[in-house]
Structure formats: structure tokens, C-alpha cells
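Novice: Just to be clear, the model below is a prediction. Sequence and coordinates:
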Protein chains: 2
Amino acid sequence: MPGKKVNLKDKFSRFSEHWSPRVVAELNDYQFKLVKIKGEFTWHDHQDTDEAFIVMKGSMSIEFRDGLVDLSEGEMYVVPKGVEHKPQAREECHVMLIEPRGVVNTGETGGELTAENDVWV
Amino acid sequence: MPGKKVNLKDKFSRFSEHWSPRVVAELNDYQFKLVKIKGEFTWHDHQDTDEAFIVMKGSMSIEFRDGLVDLSEGEMYVVPKGVEHKPQAREECHVMLIEPRGVVNTGETGGELTAENDVWV
């Protein structure tokens, strides 16, 4: 068969680190990444691309300079390119990210939360 | 806030037609579409792009010329560009599609199942 089936819950069960996105599929030059988040991430933006968040389990918030968006399971949000944002979650939350291959999780901000890129699970 | 939250269940509740994708969000030049499917679709391919399926509720199959893939809730599959496929579902199934803006549901095959493009919900 041309391709392979991806079971998202199974993929989430294969890693435990927070803020460390794992690639599960590619679509043209885009990647689907799964990430477990807890606590507060760093302020950052992505100058060249929008970034999609889909909450698969739990709840999270995305802080913007002009307010906060709360997202629950089954909700999604597309952060426009160049817009500073700070993801956060009180309890562990499972999220799918969709963005072009090569996007770094901390954008141009860097810092200790910067994850290795292009890690598959 | 830069963008808006999308509740996927709420969006699914707003239409009932089968095989008629509705756009719920855009990411750069890509679109997230929701579609309710039931029965057998037409054989088709997309010459210029891969196409991602994520099953949100129920189960479906994608038939390829060399076999069948069964997908349940929480599973995804990326159909590579140029590969003939025929989606199908015995009972109504709710699916998210991710593909570039402008992709026609029946590819170059056409026919009565061809849906109007770029319809938002």
C-alpha cells in the first residue's frame, strides 16, 4: 500500500517528554507532529509560516500579546505567521501540530526549550 | 486575537451532506476541511499533491489498486500524490482532510460526486 496508517494514540504512548515534538507523517513539504505539553513555553514566533494546533487530549492555552485563547480537546487554532505566542498547559495536554518541515519549536527565540527537529516517532 | 478558535464537533454539526468537504481553517496555502462520508466514493487521484485523512468519528476504508486500508477514529493516512484511491464507509464517518487550497475532491475524474470547492462552514 502506498503509505502507512498512523494511530495517533499509539504514537502518543511512545514518548513522554514535554515540549519535544515528534513527527508522525508528512504531506508534501509539511509535517504532522505530536507534542505533549505541560507548563509554560517560551514566547516566540515563526516569521515564515502559520502554525496549526489541534488539541487531541486535555486542554491548553495560547497566550498572545493581546489576550489568551483557551483550547479544549477537539478544538484547533491556526497561529498566523509572525505573531508572537506562548503555549501553556496546567495539566499535560496532547497536541497535534501541522507546519512546514524545518520549523523550529521556539522560532527565532532559541533557549533551553528548543527541541531537536525532525525527530520521528 | 490573531485568528479564531475552531471547535471541530460544532463545525460537523452544521452540515449533513455526504462527500461535500467544508473548509474550517487555512494554514498558509493549505486548507483543513471536514467531510462526512458514507457509501463508496469514486476512484480518483490528485496529480499535484498528497492528501491527508484524519478520522474524527466512526471508521472508513481507503481502497487502493493493490489493497484496502481500514481507518478508525484517531487514525490518519496520507495518500501520496498521483496514487489512485477510493474512500468508502459503511456507516457515516467524520473525516478531516488536509490539502492545498484548490484541490477538487474527485481529482481529475469529475462526475456527480464532484463538490463545490472552497465552501466554508
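Specialist: Done, it's in.
Novice: If you count contacts, what does the strand ranked longest in chain A end up packed against?
Specialist: In terms of residue count, the longest strand belonging to chain A (DSSP state E) is strand A:85-100. Applying 3 or more Cβ pairs under 8 Å, 6 or more residues apart in numbering or on different chains; DSSP states H and E, one finds that strand A:85-100 makes contact with strand A:30-40, strand A:51-57, strand A:59-64. Heads up, the C-betas are built off the backbone N, CA and C, glycines and all.
Novice: how far does the first one sit from the chain's center?
Specialist: If I follow you right, that is strand A:30-40. 3 Å (Cα atoms, centre = their mean, to the nearest Å).
Novice: residues in contact with residue A:76?
Specialist: By Cβ atoms under 8 Å, 6 or more residues apart in numbering or on different chains, the contact list for residue A:76 reads A:52-55, B:5-6, B:8, B:24-25, B:32.
Novice: for residue A:51, same thing?
Specialist: Residues in contact with residue A:51 (Cβ under 8 Å, 6+ apart) are A:78-79, A:81, A:97-99, A:103, B:27.
Novice: The same query, at a cut-off of 10 Å, please.
Specialist: By Cβ atoms under 10 Å, 6 or more residues apart in numbering or on different chains, the contact list for residue A:51 reads A:45, A:62, A:77-81, A:83, A:85, A:87, A:97-100, A:103, A:105, A:107, B:27-28.
Novice: I'd like the helices and strands packed on strand A:85-100 written out as JSON lines, with mean pLDDT and distance to residue B:36 added.
Specialist: Shown next, in JSON lines, are these (pLDDT from 0 to 100; distance: least, Cβ to Cβ, whole Å):
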{"stretch": "strand A:30-40", "mean pLDDT": "98", "distance to residue B:36": "22"}
{"stretch": "strand A:51-57", "mean pLDDT": "98", "distance to residue B:36": "19"}
{"stretch": "strand A:59-64", "mean pLDDT": "98", "distance to residue B:36": "26"}
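Novice: got those as CSV, with distance to residue B:1 columns?
Specialist: Below are the helices and strands packed on strand A:85-100 laid out as CSV (distance: least, Cβ to Cβ, whole Å):
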stretch, distance to residue B:1
strand A:30-40, 18
strand A:51-57, 13
strand A:59-64, 6
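Novice: For residue A:112, find the nearest of those.
Specialist: strand A:30-40 (12.6 Å; Cβ to Cβ).
Novice: and the angle for the closest one with strand B:85-100?
Specialist: Angle of strand A:30-40 versus strand B:85-100, following axes from the mean of the first three to the mean of the last three Cα atoms, to 10 degrees, is 60 degrees.
Novice: and strand A:30-40, what does it pack onto?
Specialist: Counting contacts by 3 or more Cβ pairs under 10 Å, 6 or more residues apart in numbering or on different chains; DSSP states H and E, strand A:30-40 is packed against helix A:8-12, strand A:22-27, strand A:51-57, strand A:59-64, strand A:85-100, strand B:51-57, strand B:75-79, strand B:85-100.
Novice: before we move on, the earlier item: which parts of the longest strand of chain A are buried?
Specialist: A:85, A:87-89, A:93-100 (16 or more other Cβ atoms under 10 Å in any protein chain shown).
Novice: and what of stretch A:39-49?
Specialist: Here stretch A:39-49 shows A:41-46, A:49 as buried, counting by 16+ other Cβ under 10 Å.
Novice: okay, the residues you listed in JSON lines with distance to chain B next?
Specialist: Shown next, in JSON lines, are the buried residues of stretch A:39-49 (distance: Cβ to the nearest Cβ, whole Å):
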{"residue": "A:41", "distance to chain B": "17"}
{"residue": "A:42", "distance to chain B": "18"}
{"residue": "A:43", "distance to chain B": "14"}
{"residue": "A:44", "distance to chain B": "14"}
{"residue": "A:45", "distance to chain B": "10"}
{"residue": "A:46", "distance to chain B": "11"}
{"residue": "A:49", "distance to chain B": "6"}
